[in-house]
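Engineer: requesting a structural model of the entry that follows:
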Amino acid sequence: MNENKRKRDFFNEFINTVEQKGRVIGSRQTPFLQEVLPFINSEDEPAIIYFGKKESKIQLNGYLFLEDINTLNLYVVEYEPFFEEGELPVANMTLLKEYANKAKRFYTNAEGILYLSDRSMEYYDVTKMILDKKDEIEEVNIYVITSKFYLSNKPIDLTIPGVETVNVHIWDMDRIFKLSEAEQGIQEFDIHFESEYGEALQMMHVPNNTKKGLIECYVGVVPAKLLAKLYDDWGPKLVERNVRSFLQARGGTNKGIRDTLKDTQQRELFIAYNNGISSVAKAGDIEQIGESNLYEVKKLTSWQIVNGGQTTASIHQAYKNDVDLEGVYIQAKLTIINVPEIRENNELQLDNLALEDEMIAKISEYANTQNKINKSDLLANTRFMSDVEKHSRNVWIPTQDNRKEESKWYFERARGQYMVDISRRSKGKEQTAFKKMYPSDKVITKVEMAKYFMSWEGYPHVSSKGGEEAFKRFMDMNSQYWKQSAVTNDEGEVTKSILNVDSDYYKQLISRRIINIFVTRIVESMNLKGYRANVIYYTVAMLSHLYGKEINLMEIWRQQDLSNKWEDIVRTIANNALNYLKESAGDQNVTQWAKKEDCWRGFIKESAVVLSGIV
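Structural biologist: Numbering: from 1, shown residues only. Alright, predicted model coming up:
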């Protein structure tokens, strides 16, 4: 299947999912943002809001303040689902810059917006925070989320008065499609250093005396100007493999790199100051120079920078700002992965791809010292996650009318896996049969599963921190299914066996999702003002805290729903949760307050006794 057709199929499925969810809640921008956010690696999760004034050309769909590095992320959505059949909708720089400016205007007009708002409005917190922290904010990242394809990939430059660094990140459908394919391990591309850029890399070969020969390792330097050109041409492709941190330059590190490059006295010391980059590739055209240990790297297949994205992004930014990079070099490590391809009926075997992914994940984790790696990516290939995936492909959803079972839940171990699975099938009967077996409303991702689990187990403050933190805690709490551990008994220290994930455990994981759907449906019907996600997490947690012994997870699996008798109880808890979150926060940002354990403990102390009498 050619790439354009794969893109069209992927795009159609993605937009159909958004439209289905949009019809339920009466909005398209919010579900579109929610579908894209899992692809954007972030340790924390943005608060989703909506503010729009067409006449003032101001719009904001979400925000996240990273207090430890004085960085504010602003999210703005450009969503247009209508396009000509068979064509891919394309965005140009003018359109995307216009949307970036809409988010910028929210920031610069925060005082006027706050003046016209009150505490009940969902954008009150962010406007007040901007004004309170204006002297502290050093960096603003504007994320433009578009339903179109931005094929030129040219960077967009903006400035904000009083803000030292402003970055514009474009998340278009092309980037999401490529990331999704990369997650499945099916993307390949060649970079021709010698023929296209006029200079081969010169690197030393690291001796390898093992018989396995799974890797070849080279160390050397890359000219800064060449690295900047490569990033200018290839953009996100260079950093989207496996860990996919899309490593934007962060506050102080970015400033240090930029200042060093600008200072002619320090520029030659750059290589001494900077840790360089670590990279991997699937293959390469690499030739030995004479009889020395020096080699010329003329071409690499699927070259990926797995550590050093901050360096790469900062050098590229300096290059675009006409900083002289002549004579600046970056130390580099290159690892060629030699996993042999195993094909059956001309299809690359997924077990082989998983081995390759696991190797790259470990290289990424161990090489990375500057950027935190997302646990959801590094642990995607654990036996635990693989077992949950296998159960989701084998366990049928019970029917309620004695008919034959015909559908299953679909656990998405890798982002975009569901849509890629559809696109691998022929359009028509094959795709229809697949969607009947795995309906789109029965797809659950690993970070969603973690948030539902943590909420039900009494950690709504962890779920409020976002998918990554929830997933980390979820994996810690379930380490017996994937991690070797030792215990001490009368015979000394012994290693405990890793437990198998049985079908009942899998069904109970899905039941927590069903409870979340039940609560979400009720909360959305109540039209509560603001903090929707936090209200849902806290409502689920309190429902479990008060009535968990009366709610049988296996019975929920059999019924695929929660009894209607819980509806009024959920409404009461949700109303109480929203009031508590707003009132107990005081002068704090409500979404930040909801992430603290003290918030949950306070909710139990102040509300549990009152709420326990509502049955």
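
Engineer: now the helices for the stretch 151-300 of the chain?
Structural biologist: 173-184, 193-197, 224-234, 251-262, 270-273 (DSSP state H, counting those that start in this stretch).

Engineer: ugh, wrong one, the stretch 351-500 of the chain
Structural biologist: Using DSSP H, counting those that start in this stretch, helices in the stretch 351-500 of the chain cover 375-378, 383-394, 417-423, 429-437, 446-456, 460-464, 467-477.

Engineer: want to try JSON lines for the ones you listed, with mean neighbour count, distance to Ile556 and mean pLDDT as columns?
Structural biologist: Bear in mind the C-beta positions are built from the backbone N, C-alpha and C, glycine included. Listed next are the helices of the stretch 351-500 of the chain as JSON lines, based on neighbours: other Cβ atoms under 10 Å; distance: least, Cβ to Cβ, whole Å; pLDDT from 0 to 100:
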{"stretch": "helix 375-378", "mean neighbour count": "22", "distance to Ile556": "25", "mean pLDDT": "57"}
{"stretch": "helix 383-394", "mean neighbour count": "17", "distance to Ile556": "17", "mean pLDDT": "90"}
{"stretch": "helix 417-423", "mean neighbour count": "21", "distance to Ile556": "23", "mean pLDDT": "82"}
{"stretch": "helix 429-437", "mean neighbour count": "13", "distance to Ile556": "22", "mean pLDDT": "91"}
{"stretch": "helix 446-456", "mean neighbour count": "25", "distance to Ile556": "11", "mean pLDDT": "95"}
{"stretch": "helix 460-464", "mean neighbour count": "28", "distance to Ile556": "19", "mean pLDDT": "95"}
{"stretch": "helix 467-477", "mean neighbour count": "21", "distance to Ile556": "19", "mean pLDDT": "90"}
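
Engineer: please parse the protein into its domains.
Structural biologist: As recorded under automatic domain parsing, the domains making up the chain are 3-176, 185-372, 384-611.

Engineer: can I assume Asp587 sits in a strand?
Structural biologist: No - going by DSSP: H, G, I helix; E, B strand; the rest coil, the assignment for Asp587 is coil, not a strand.

Engineer: does Asn576 touch Ala608 like I think?
Structural biologist: No - using Cβ atoms under 8 Å, Asn576 is not in contact with Ala608; the gap is 10.0 Å.

Engineer: those two: who's more crowded?
Structural biologist: Asn576 (20 against 12; other Cβ atoms under 10 Å).

Engineer: residues in contact with that one?
Structural biologist: Shown in contact with Asn576 (Cβ atoms under 8 Å, 6 or more residues apart in numbering): Met542, Ser607, Val610, Leu611.

Engineer: over to Ala283?
Structural biologist: Leu300, Thr301, Ser302, Ile336.

Engineer: just give the closest residue to the third one, not the sequence neighbours.
Structural biologist: Across the structure, with Cβ to Cβ, 6 or more residues apart in numbering as the measure, the residue nearest Ser302 apart from its sequence neighbours is Lys282 (4.5 Å).

Engineer: show me what the host helix or strand of Thr127 is packed up against.
Structural biologist: Using DSSP states H and E, Thr127 sits in helix 124-133. Helix 124-133 is packed against strand 47-53, strand 58-66, helix 110-115, with contacts defined by 3 or more Cβ pairs under 8 Å, 6 or more residues apart in numbering; DSSP states H and E.

Engineer: which of the helices of the stretch 351-500 of the chain sits closest to Glu199?
Structural biologist: helix 375-378 (32.6 Å; Cβ to Cβ).

Engineer: re the thing from before, quick check on the contacts of Asn576: which are buried?
Structural biologist: Met542, Ser607, Leu611 (16 or more other Cβ atoms under 10 Å).
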